[in-house]
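Asks: heads up, no residue letters with this:
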């Protein structure tokens, strides 16, 4: 694999990893910048460029709050520099092996979390070198968040033939997924072997995508981490709920029309997006619009309207939602697959208490293991953490390759079924446990 690859829009140049085994392409634009008149519009195909586009730096993140000052997660994930914020944020990153086999490689398409308010695809816990060494191409993306991704208004519905508005962040994700299907072969990937995955709001995004008719046939598997299942952690709101918070934002800014709102600087919208939240974080979210999302994701799953693909789902010991809500939701998802006569899912429970403090197996803790990026963290890791990371990431890579996480040198992971309604527990030991 060379560092210069030609996509349908033009040539891009990446760089080699420090060990020379992976080629990394950073900040590839997959759509036109959603600025000016394209603010609050669906993603548009990127115009072709001439020459070779340098893709050695990560692209901008969507305008959002500065997370470095967060009490816990600031230290855990955001204590290093992150890219600047800009509405020109629709980019993706690709990690692919230097030594390419004859056959095309499977692809893991990663969607970051952040309560649909913040986050980006190049946070320090995300990296594709580990997956590339296991024969899996990783793609991580940026998409629009908060007001930029989920503002909805009756006036905007007049601009679209379907009479819908909002959900731009999910439309970005699907647009990027289509870009990958069209271009990933040039990077050594198989467009028919794409698995989408996400954690927290990224997991909710995955559940939205597998519930959407707009994404039918775009993937062969899905991984849902700490945010999805049955019943869903967050019930999908009607469009009127998004109209309400969107109108609050307009009133807060003194903008009487969409044109006036589009004329305001991004910084003003960013500040207002947080100011109107009240005591609820999950206000700027996907909603039922009858087009992208025809109903509540839980109801769509129960009625069999989710995509018929391979699923892996689970959560952590000290996760969000209280009690064991997410674990029960994961089991509910797998039980529903059985009821629908679908391929059984794989259920996990991550319960390794991370060393260094009393936070335990907190929400997002598994990411250090999944991406094998734990050396970037401040924690005093133990030998078992290295081994657990090897096993965890190998399960994920195998699932991307075959729809089955099992493989040589790994404890047996039984699919959820009539004879095994328990998760694989990844903790100080690994095994199928209640």
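Replies: That came through, no problem. This structure is a prediction, so every number in the text was calculated from the model and none was measured.
Asks: pretty sure residue 404 contacts residue 397?
Replies: No. Applying CB atoms under 8 Å as the test, residue 404 and residue 397 come out as separate, 11.4 Å apart. For the C-beta atoms, the positions are set from N, CA and C on the backbone; glycine is no exception.
Asks: among those two, which residue is more densely surrounded?
Replies: The residue with more neighbours, out of residue 404 and residue 397 and counting by other CB atoms under 10 Å, is residue 397; that gives 23 against 16.
Asks: which one's the longest strand in the chain?
Replies: As far as residue count goes, and with DSSP state E defining each element, the longest strand of the chain is strand 189-199.
Asks: parallel or antiparallel, list what pairs with that strand.
Replies: The pairing partners recorded for strand 189-199 under DSSP bridges are strand 105-111 (parallel), strand 221-225 (parallel).
Asks: now render the ones you listed as CSV, adding mean neighbour count and mean pLDDT.
Replies: Rendered in CSV, the data for those read as follows (neighbours: other CB atoms under 10 Å; pLDDT from 0 to 100):
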stretch, mean neighbour count, mean pLDDT
strand 105-111, 26, 98
strand 221-225, 27, 98
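Asks: right, and these - which one's nearest residue 71?
Replies: Minimum separation from residue 71 across the strands paired with strand 189-199 (CB to CB) falls at strand 221-225, 22.6 Å.
Asks: can you pull the phi and psi angles for the residue nearest to residue 191 when sequence neighbours are not counted?
Replies: Sequence neighbours aside, residue 181 is the residue nearest to residue 191 in space, at 4.3 Å (criterion: CB to CB, 6 or more residues apart in numbering). Comment: the main-chain dihedrals of residue 181 come out as phi -60, psi -40, following degrees, to the nearest 10.
Asks: quick one: the helices in the stretch 101-250 of the chain?
Replies: Counting by DSSP state H, counting those that start in this stretch, the segments of the stretch 101-250 of the chain that form helices are 129-133, 146-150, 154-157, 168-183, 201-209, 239-253.
Asks: among these, which is nearest residue 61?
Replies: The closest of the helices of the stretch 101-250 of the chain to residue 61 is helix 146-150. By CB to CB, the value is 10.9 Å.
Asks: ok, the nearest residue to residue 166 once chain neighbours are set aside - contacts?
Replies: Of all residues not flanking residue 166 in the chain, residue 152 sits nearest, at 3.0 Å (CB to CB, 6+ apart). With contact taken as CB atoms under 8 Å, 6 or more residues apart in numbering, residue 152 is in contact with 165-167, 239, 242-243, 246, 287, 289.
Asks: so which of those is the closest to residue 386?
Replies: Taking CB to CB as the measure, residue 167 is the one of these closest to residue 386, at 40.6 Å.
Asks: number of residues surrounding residue 428?
Replies: Burial of residue 428 is recorded as 11 neighbouring residues (other CB under 10 Å).
Asks: over to residue 320?
Replies: Taking other CB under 10 Å as the neighbour definition, residue 320 ends up with a count of 16.
Asks: how close does the closest residue to it other than its chain neighbours get to residue 296?
Replies: Nearest in space to residue 320, with sequence neighbours left out and distances taken as CB to CB, 6+ apart, is residue 363 at 4.8 Å. Distance check for residue 363 against residue 296: by CB to CB, to the nearest Å, it reads 23 Å.
Asks: neighbour count: the two, which is higher?
Replies: Each of residue 363 and residue 296 has its neighbours counted (other CB under 10 Å); residue 363 has more, 22 against 18.
Asks: contact partners for that one?
Replies: 200, 226, 316, 318-320.
Asks: and if you look at residue 99?
Replies: With contacts defined as CB under 8 Å, 6+ apart, residue 99 is in contact with 1, 21.
Asks: check the secondary structure at it for me.
Replies: Of the three states, residue 99 takes coil according to DSSP: H, G, I helix; E, B strand; the rest coil.
Asks: how near is it to residue 409?
Replies: To residue 409, residue 99 is 22 Å away according to CB to CB.
Asks: now do the strands in the protein.
Replies: Under the criterion DSSP E, the chain contains strands at 4-6, 11-13, 15-16, 22-29, 52-54, 91-97, 105-111, 137-141, 189-199, 221-225, 310-316, 346-350, 424-426, 430-432.
Asks: out of those strands, which comes closest to residue 268?
Replies: Across those, the minimum distance to residue 268, taken as CB to CB, is reached by strand 91-97, at 23.5 Å.
Asks: what's the distance between the closest residue to residue 227 other than its chain neighbours and residue 179?
Replies: On the basis of CB to CB, 6+ apart, the spatially nearest residue to residue 227 that is not a chain neighbour turns out to be residue 203, at 3.2 Å. Distance of residue 203 to residue 179, given as CB to CB: 22 Å.
Asks: so for those two, which sits in the more crowded spot?
Replies: Neighbours around residue 203 and residue 179, counted as other CB under 10 Å, are more numerous at residue 203. The numbers are 27 against 24.
Asks: name the residues of the longest strand of the chain that are buried.
Replies: For strand 189-199, burial by neighbour count (16 or more other CB atoms under 10 Å) applies to 189-190, 193-199.
Asks: next one: stretch 387-407
Replies: Along stretch 387-407, the positions that meet the burial threshold by neighbour count (16+ other CB under 10 Å) are 388-401, 403-407.
Asks: now do stretch 236-256
Replies: Taking 16+ other CB under 10 Å as the basis for neighbour counts, the residues of stretch 236-256 that come out buried are 236-237, 239, 242-243, 245-246, 248-250, 253, 255.
Asks: point to the residue nearest the middle of this protein.
Replies: residue 111 (1.4 Å; CA atoms, centre = their mean).
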